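Chemist: coords please:
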Amino acid sequence: MTVIPVASTQTAEASTVKLAEYAQSIQVCECAFWGVRNSPCPDREACRDIWTKTQRDEIAFYLAEAQEELEREIGYFIGHKWVTAERWAYTAPVQARWGYIVAGGVKAETAISLSEPVSYASTDPAIVGPIATTVTDEDEVKAFHTGTDIEVDPSDIFISGGSVLITIPRCRLVDPSVADNPAAGLDYANVANFAATVDVKRVYNDTSTQAVLIRNSCLGDCDETRSSVCMQVRYSQISSVYAPYSASNLCGCCPDFVELNYLAGTDMTKQARDAIIRLAHSKMPRNPCDCSPIDEFWKRDRHVPEVLTAERENCPFGLADGSWIAWCWAKAMKLVRGATL
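Modeler: Take a look at the predicted model:
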């Protein structure tokens with residue numbers, strides 16, 4: 001039996017494919033997906049069954065697992081992630097583990113406004129702000145359930161004239177205290193079912209910490225000697241970087257190792273999203289929902305042909321159609337890196 005780890009309140013998302021995006025892709029009424037009843041649903045959203053937190057947790061688990069398997073195969077992140085203290089024997093240049101390096105640095109957060117009120121006064125979506133800010137990049141602005149690291153997925157973030165305005169569909173704001181919703185669903189009209197506030201933060205790449213040169217016993221003792229330096233990206237795609245060494249580093253000793261901190265990855269594409277979802281479905285031991293449209297998606301990706309080619313039989317992701325589609329995408333997108341000079 002597969003054990004699905006769950007969060008104590010809202011569902012924690014680890015995949016670049018957000019749960020709201022997943023719901024849209026498989027034609028589920030988004031509010032029903034978040035456990036809310038009697039909510040407006042576009043005609044294209046064929047499934048209107050109320051989902052439970054257990055179902056959402058299961059989807060989040062398999063989306064994250066599928067993405068990790070794909071990333072290990074292709075050699076780079078789908079979306080952008082930070083890598084911290086990746087250690088290598090010192091060379092010049094160094095080839096890092098993950099391709100498509102954006103820049104050296106570590107993940108950093110600063111508060112823009114904590115416990116910022118959410119307004120449900122107008123029609124859906126809900127409004128947060130405007131909030132005064134010096135941040136100019138919308139991609140760096142994130143909203144979280146107050147006092148947690150559970151991110152809320154906005155429909156739009158707009159910065160103008162030194163302030164930021166965030167719009168969030170109401171059903172994505174189910175209050176963490178009632179996130180484990182009853183099977184009958186939460187009442188859409190009852191504002192008390194939705195978060196009264198959110199934490200708005202800047203999440204960005206802090207370039208003050210990039211690489212660390214390390215020498216064992218540089219001063220004749222048993223301790224490591226460490227020296228922070230900048231990291232120069234030589235070839236982003238193949239992750240070739242320099243961590244420059246000079247006589248002033250490590251008391252003039254040549255480094256033994258280097259630890260790299262960097263942001264890497266590519267933008268999500270429709271093809272990457274489809275590969276993650278289809279591989280996730282192929283890994284699910286049961287249909288995530290009894291709704292017939294969802295059942296069709298799940299059966300499509302779990303289907304195993306009666307006749308298999310030798311290549312298909314050796315597919316490392318599995319024999320199901322969803323596994324095969326994901327593997328074909330991974331083979332086509334795999335990053336091939338040789339030695340760099």
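
Chemist: gap between stretch 206-218 and the chain center?
Modeler: The chain centre lies 27 Å from the centre of stretch 206-218; the measure is Cα atoms, centre = their mean, to the nearest Å.

Chemist: Check what contacts that stretch and list those residues.
Modeler: If you take Cβ atoms under 8 Å, 6 or more residues apart in numbering as the criterion, stretch 206-218 is touched by 85, 87, 90, 103-108, 223-231, 241, 243, 245, 249-251, 253-262. For every residue, glycine as well, the C-beta is placed using N, CA and C.

Chemist: Let's see that with 6 Å instead.
Modeler: In this structure, residues lying in contact with stretch 206-218 by Cβ atoms under 6 Å, 6 or more residues apart in numbering are 104-106, 108, 224-231, 243, 249-251, 253, 255-261.

Chemist: ok, now stretch 192-199?
Modeler: Contacts made with stretch 192-199 from outside it, assessed by Cβ under 6 Å, 6+ apart, are listed as 114-118, 128, 143-144, 146, 152, 170, 173, 175, 178, 186.

Chemist: at 7 Å instead, please
Modeler: Where contact means Cβ atoms under 7 Å, 6 or more residues apart in numbering, the residues beyond stretch 192-199 that reach it are 114-118, 120, 128, 143-146, 152, 170, 173-175, 178, 186-187.

Chemist: Let me see the mean pLDDT of it.
Modeler: Here stretch 192-199 scores 95 as its mean pLDDT.

Chemist: Now do the end-to-end distance for stretch 26-33.
Modeler: Start and end residues of stretch 26-33 are separated by 11 Å (Cα to Cα, to the nearest Å).

Chemist: can you list the domains in this structure?
Modeler: Under the assignment automatic domain parsing, the domains of the chain span 19-77+268-333, 79-105+207-266, 107-206.

Chemist: Deepest-packed of these, please.
Modeler: Ranked by average neighbour count under the criterion mean count of other Cβ atoms under 10 Å, the domains of the chain are headed by domain 19-77+268-333 at a mean of 18.

Chemist: what residue ranges in this protein are flagged as low confidence?
Modeler: Scanning the chain with the threshold set as pLDDT under 70 gives 1-8, 42-46, 217-222, 337-341.
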